[in-house]
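1. I'll drop the sequence and a predicted model, then ask my questions.
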Amino acid sequence: MIAGSAVFAQKYLVTHTIPLGGNGAWDYLRADTESRRLYVSHSGNVDVLDLDTGQELGKLTGFGFIHGIVIVKEINTGFLSDGQKNQVISFDPTTLKIKGRITTLANPNSMVYDRSSGRLFVGHKPSKSITVIRASSGEIEKVIPLGGVPEFPVTDGAGSIFVNINDQSEIVRIDATSMTIKARWPLKPCQSPSGLAFDEQKNRLFSACDNKLMAVMDAGTGKLISTLPIGDGPDAATFDPETRLAFSSNGDGTLTVIAEHGDGYAVVQNLRTEVGARTMTLDIKNHSIYLPTAKLGPPPAPTAENPNPPKHPTAVAGTFHLIVVTPIASR
């Protein structure tokens, strides 16, 4: 619970869905609360929606496969990571026109912007590294070897970048000014961390891990504060600074809600969503959460051209949509 003119109960509901259609898989999405826009990656496209109405405002197209989406207000520029074409694309969020293309190492994936340094930090799984890009110019300033596979990064807004290292079950802290690694903190018993969220007020990190645990860590010392049960197959975490709640979106079709409880934390809800809804974004204005998924079919059958296809389910054409989760409010 929180203080203020509106107090939100710690319960959430799936209120509706937004059909988007189209073909292919998806990854991250981004709510631009200030501009009331929602950017949704979908294979080689990005759907741009009105956050208040759910209506489509436009589309960014012609890419390989989009992973990360970042909006940098102070230079009126958005960035997309195209993992298939090995590029970071800059665009104008107002007009949706492409500004430039930055060639990177293979498979640029998750990204975060650090305002204190003016730099974009872009993770690469194949090379186990992060590319540092000067956001205002598009200049690549450094590639930082990580010694492990990076997953989602976050910034504390004061010059520290935190990155989940998936295959090492640890968090790396990077100094955004010197562009060097300053600490490595183990997450065990959490294994294979993916989603990561940050609580600026309490200086806490929330890391969603594949073995159905979320780790809560002190971002100043690396001390593990708590581990909590979550659903299976998470890929994103987020934190709402007003409601003081943390969330894990899980591929098994659940959204785990975690609240402060005394000096620690507790799971307060496991909301049923849909299978495959493992990434999400939060609109901090109205506290709604958006999760993309589609109706899932069987894995593709082997062919002569592709004798070893992926073993994960495939999205049924035309069924891609967003699930909208909204808090139950009370006075």
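-> All right, it came through fine. Residues are numbered from 1 along each chain as shown.
2. looks to me like R278 is in a strand.
-> No. Checked against DSSP: H, G, I helix; E, B strand; the rest coil, R278 lies outside a strand; its state is coil.
3. what are the phi and psi values at it?
-> phi -110, psi 0 (degrees, to the nearest 10).
4. could you shift the numbering so residue one becomes 34, and keep it that way?
-> Shifting the count to begin at 34 puts that one at R311.
5. list the contacts of it.
-> 266-269, 282-284, 324, 326 (C-beta atoms under 8 Å, 6 or more residues apart in numbering). Glycine gets a C-beta too; all of them are placed from N, C-alpha and C.
6. using CSV, lay out these together with neighbour count, secondary structure and distance to V79.
-> Converted to CSV, these look like this (neighbours: other C-beta atoms under 10 Å; DSSP: H, G, I helix; E, B strand; the rest coil; distance: C-beta to C-beta, whole Å):
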residue, neighbour count, secondary structure, distance to V79
G266, 19, coil, 24
P267, 30, strand, 23
D268, 20, strand, 18
A269, 27, strand, 17
S282, 32, strand, 19
N283, 26, strand, 24
G284, 22, coil, 22
L324, 26, strand, 17
T326, 23, strand, 17
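7. okay, among the residues you listed, which ones form the most distant pair?
-> Using C-beta to C-beta, the contacts of R311 reach their maximum pairwise distance at P267 and T326, which is 13.7 Å.
8. just give me the closest of the contacts of R311 to S170.
-> Using C-beta to C-beta as the measure, the one of the contacts of R311 that approaches S170 most closely is A269, at 29.8 Å.
9. now that closest one: how far from T276?
-> A269 sits 17 Å away from T276, going by C-beta to C-beta, to the nearest Å.
10. L153 too?
-> Taking C-beta to C-beta, one finds L153 at 29 Å from T276.
11. higher neighbour count, the two?
-> L153 (28 against 20; other C-beta atoms under 10 Å).
12. who are the packing partners of the helix or strand that one falls within?
-> Assessed by DSSP states H and E, L153 sits inside strand 152-157. Applying 3 or more C-beta pairs under 8 Å, 6 or more residues apart in numbering; DSSP states H and E, we find strand 152-157 packed against strand 99-105, strand 141-147, strand 162-167, strand 183-188, strand 193-198.
13. and the ones you listed as a markdown table, adding mean pLDDT and mean neighbour count?
-> Output for these, formatted as a markdown table (pLDDT from 0 to 100; neighbours: other C-beta atoms under 10 Å):
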| stretch | mean pLDDT | mean neighbour count |
| --- | --- | --- |
| strand 99-105 | 98 | 22 |
| strand 141-147 | 98 | 24 |
| strand 162-167 | 98 | 22 |
| strand 183-188 | 97 | 24 |
| strand 193-198 | 98 | 25 |
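14. looking at these, which is closest to Y45?
-> Nearest of those (C-beta to C-beta): strand 183-188, 21.5 Å.
15. the closest one pairs with which strands, and in what direction?
-> strand 193-198 (antiparallel) (DSSP bridges).
16. just the buried positions in whatever helix or strand comes next after the strand it pairs with, please.
-> Downstream of strand 193-198, the next assigned helix or strand under DSSP H and E is strand 203-208. Residues of strand 203-208 classed as buried by neighbour count (16 or more other C-beta atoms under 10 Å): 203-207.
17. which among these gets closest to R167?
-> For the buried residues of strand 203-208, the nearest to R167 is I207 (15.6 Å; C-beta to C-beta).
18. list the beta-bridge partners for that closest one.
-> Residues in beta-bridge contact with I207 (DSSP bridges): I194, I214.
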